[in-house]
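Asks: Fold the following.
(one chain, ligands or ions: 1)
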Amino acid sequence: MTAPDDRRTYLAEHLTEVRDRLSRACAAADRAPDSVTLLPVTKFFPASDVALLRELGCTEFGESREQDASPKVVEIGTDGVRWHMIGRLQRNKAKAVAAWAHAIHSVDTDRLVTALGKAVAGAVDNGDRTTDLDVYVQVSLDGDTHRGGVDRVDLEALTAQVSETAGLRLAGLMAVPPLGADADASFEDLQRLHAQVLASHPDATGLSAGMTGDLEEAVRHGSTCVRVGTAILGPRPITSP
Ligand SMILES: *Cc1c(COP(=O)(O)O)cnc(C)c1O
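Replies: A predicted model of the protein is given here:
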């Protein structure tokens with residue numbers, strides 16, 4: 001077990017490194033440094049790490065599993081903190097997530113959109129939330145939807161459904177490069193799809209793209225939010241799904 005002071009030092013150093021990396025990526029892409037949000041991904045790490053990252057100035061956190069996230073949210077709270085659900089979500093978890101999530105990055109089916117709309121309405125009714133839920137539609141770049149994401153042929157219908165659902169706000173798109181695919185080409189493709197979505201939904205300016213291994217490529221292709229776990233927190237305690 002690492003002493004809290006050692007852990008704080010570790011997180012501070014790695015956070016600084018990632019922030020520098022992000023600034024360099026923005027400069028290289030001729031983009032303003034504040035045009036890309038750094039979303040630390042704290043999945044599988046304890047609430048104590050979230051607390052340390054808060055002290056280091058982070059206010060938004062990404063989580064990928066409802067059962068892992070909800071207890072941390074209880075411990076840390078939502079005051080001054082925005083929680084992002086970035087992993088695949090089963091419809092029966094929509095209610096729990098609607099109680100604490102500022103945003104969800106992994107929406108890929110019409111049935112999940114319907115469930116989230118209902119869940120947000122319920123959360124508003126019982127006082128758990130006051131704002132709309134930001135929704136990023138996750139797109140599958142290779143059409144292998146088993147790995148998450150909607151096939152591009154269904155993208156227009158799904159973004160339209162989100163924008164028409166009360167309680168949800170279409171924030172933009174999210175994607176992960178397919179296994180073994182070239183990150184640069186993948187994010188270029190994603191940026192083109194985002195441009196098509198923006199043509200009908202000009203407010204959907206968010207592009208959630210880039211992780212520890214490929215944030216530079218994502219920033220080059222218009223990412224507005226990089227989701228970074230390993231480079232900040234180290235190797236995850238257990239394997240992610
Ligand atoms: C775990 C995860 C990340 C962070 O990945 P790292 O490679 O550790 O930076 C980003 N996005 C999603 C959807 C994830 O599940």
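
Asks: Please spell out which residues along stretch 112-130 are buried.
Replies: 112-113, 115-120, 122-124, 129 (16 or more other C-beta atoms under 10 Å). Where C-beta positions appear, they are placed from N, C-alpha and C, glycine not excepted.

Asks: what does the chain put close to the ligand?
Replies: When proximity is defined as C-beta under 6 Å from any ligand atom, the chain approaches the ligand at 41, 43, 64, 86-87, 176, 211-213, 227-231, 240.

Asks: quick one: least confident of the residues you listed?
Replies: Least confident by pLDDT among these: that is Ser240, with 50.

Asks: Which of the residues of the chain next to the ligand fall within strands?
Replies: With DSSP state E as the criterion, strands contain 227-228 from among the residues of the chain next to the ligand.

Asks: Closest to Glu13 out of the residues of the chain next to the ligand?
Replies: Glu13 lies nearest to Ala231 out of those, by C-beta to C-beta, at 11.0 Å.

Asks: Can you report how many residues lie near the closest one?
Replies: Burial measure for Ala231: 18 neighbouring residues, criterion other C-beta atoms under 10 Å.

Asks: For His84, see how far away it is.
Replies: When distance is defined by C-beta to C-beta, to the nearest Å, Ala231 is 17 Å away from His84.

Asks: Likewise for Ala171?
Replies: Counting by C-beta to C-beta, the gap between Ala171 and His84 amounts to 10 Å.

Asks: joint contacts of the two?
Replies: Common neighbours of Ala171 and His84 (criterion: C-beta atoms under 8 Å, 6 or more residues apart in numbering): Ala103.

Asks: Among the buried residues of stretch 112-130, which one lies nearest to His146?
Replies: Nearest to His146 out of the buried residues of stretch 112-130 is Leu112 (C-beta to C-beta; 15.2 Å).

Asks: Which residues outside the helix or strand hosting that closest one are in contact with it?
Replies: Mapping Leu112 onto the secondary structure by DSSP states H and E places it in helix 110-125. With contacts defined as C-beta under 8 Å, 6+ apart, helix 110-125 is touched by 89, 91, 94-95, 97-99, 104, 107, 129-130, 132-133, 135, 157-158, 161-162, 165-168.
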